[in-house]
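Peer 1: output the structure for:
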Amino acid sequence: MANPESVVVRQFEQRDIAPCGRICYEAFRTIAQRHGFPPDLPSAEAGAGIMETLYGSDGFYGVVAERDDEVIGSNWLDERGTISGIGPVTIDPAVQDEGLGRRLMEAVIERSDVGGFPAVRLVQAAYHARSLSLYTKLGFASREELAVMDGDAADSNLTSYAVRPLRPDDLPACNEICVSVHGFDRGAELAAAGAANSAFVAERDGAIRAYTSGLGYFGHCAGETTDAICALLLEVPRLPSLGVLVPIRNYRLFRWCLDHGMRVLMTMTLMSRGLYQEPSGPYLPSILY
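Peer 2: You can find the predicted model right below:
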């Protein structure tokens, strides 16, 4: 076991993209296969792609753990909105159980606190008891049980919504929906998704009833009604990931997904530290929150 004092935690740099991408892939693959679940990423190149995207995007802050000039882990903080989000946090499987996860988490929690964010959130794989325990000890409370669901939904009876790509002038209406559901908007995140052509809205009677920044781990949805969220699930192309995150306590949404061609791969837990308001409407979180 390495001496924890020999590990340096510093800000993420461009040279860290390839090694952190490999670690991201190996870390998620190792823990998933150990518990009999599919890996989150198909390759180390996919992991590097995520690291490159996060590094090149405004509003993300990354840290790495380094020992003897060798990168052994990384973590990220999404600072684009009112609430910050953590992840992905990954440690080289060869150096697990040395306290590195705690140090990487403490680094981004401190960053969030210094930045004045009233809360920070994350989504944790429910089968990973060790991370659940760590995050709880760091002050995160479990808020929502989520089902990771894949499959193409089909429902010939749900035809009252028109689904189309997001336009810039849709942002105020979408932000109002998000505020009504969560108490804050995710406008910067949604605007970036619109520029990347991954954001869509569901309209009915001339008004936006739901929106998504993307269907997949790195997108979120909010809506006035569960039917409007279902319309997005029917029509919007999926982003590369294992699936979408569906809050299980929304029985009507969860049951609709099961009844119309989608299946559960595994469950995850939405956790928060600091201010939290119970959602007052239907939504799908991202892998961050």
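Peer 1: can I get the CA coordinates of the top strand by length along the chain in CSV?
Peer 2: In the chain, with assignment by DSSP state E, the single longest strand is strand 263-274. Extracted in CSV, the C-alpha atoms of strand 263-274 (Å, rounded to 0.1, in the frame of the first residue of the first chain):
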residue,chain,number,x,y,z
ARG,A,263,-36.0,-2.7,-19.4
VAL,A,264,-34.0,-2.2,-16.2
LEU,A,265,-30.3,-2.8,-16.3
MET,A,266,-29.4,-1.7,-12.8
THR,A,267,-30.3,0.8,-10.1
MET,A,268,-28.5,4.0,-9.0
THR,A,269,-28.9,6.5,-6.2
LEU,A,270,-29.2,10.2,-6.4
MET,A,271,-27.4,11.8,-3.5
SER,A,272,-27.1,15.4,-2.3
ARG,A,273,-25.0,17.5,0.2
GLY,A,274,-26.4,20.8,1.3
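Peer 1: helices or strands up against it?
Peer 2: If contacts are counted by 3 or more Cβ pairs under 8 Å, 6 or more residues apart in numbering; DSSP states H and E, strand 263-274 sits against strand 119-125, helix 129-137, strand 141-150. (Each C-beta comes from the backbone N, C-alpha and C, glycine too.)
Peer 1: could you list the low-pLDDT ranges of the chain?
Peer 2: 1-5 (pLDDT under 70).
Peer 1: try it again at 80.
Peer 2: For the chain, residues meeting the criterion pLDDT under 80 lie at 1-5, 96-98.
Peer 1: please enumerate the strands of it.
Peer 2: Secondary structure of the chain (DSSP E): strands at 7-11, 60-67, 70-78, 84-86, 90-91, 119-125, 141-150, 162-165, 200-204, 207-212, 221-223, 244-247, 263-274, 283-284.
Peer 1: mind putting these into a markdown table with distance to residue 131 and mean neighbour count?
Peer 2: Formatted as a markdown table, the strands of the chain follow (distance: least, Cβ to Cβ, whole Å; neighbours: other Cβ atoms under 10 Å):
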| stretch | distance to residue 131 | mean neighbour count |
| --- | --- | --- |
| strand 7-11 | 18 | 14 |
| strand 60-67 | 16 | 20 |
| strand 70-78 | 12 | 24 |
| strand 84-86 | 11 | 28 |
| strand 90-91 | 10 | 26 |
| strand 119-125 | 5 | 23 |
| strand 141-150 | 12 | 19 |
| strand 162-165 | 36 | 14 |
| strand 200-204 | 32 | 23 |
| strand 207-212 | 27 | 23 |
| strand 221-223 | 25 | 28 |
| strand 244-247 | 16 | 26 |
| strand 263-274 | 10 | 19 |
| strand 283-284 | 22 | 24 |
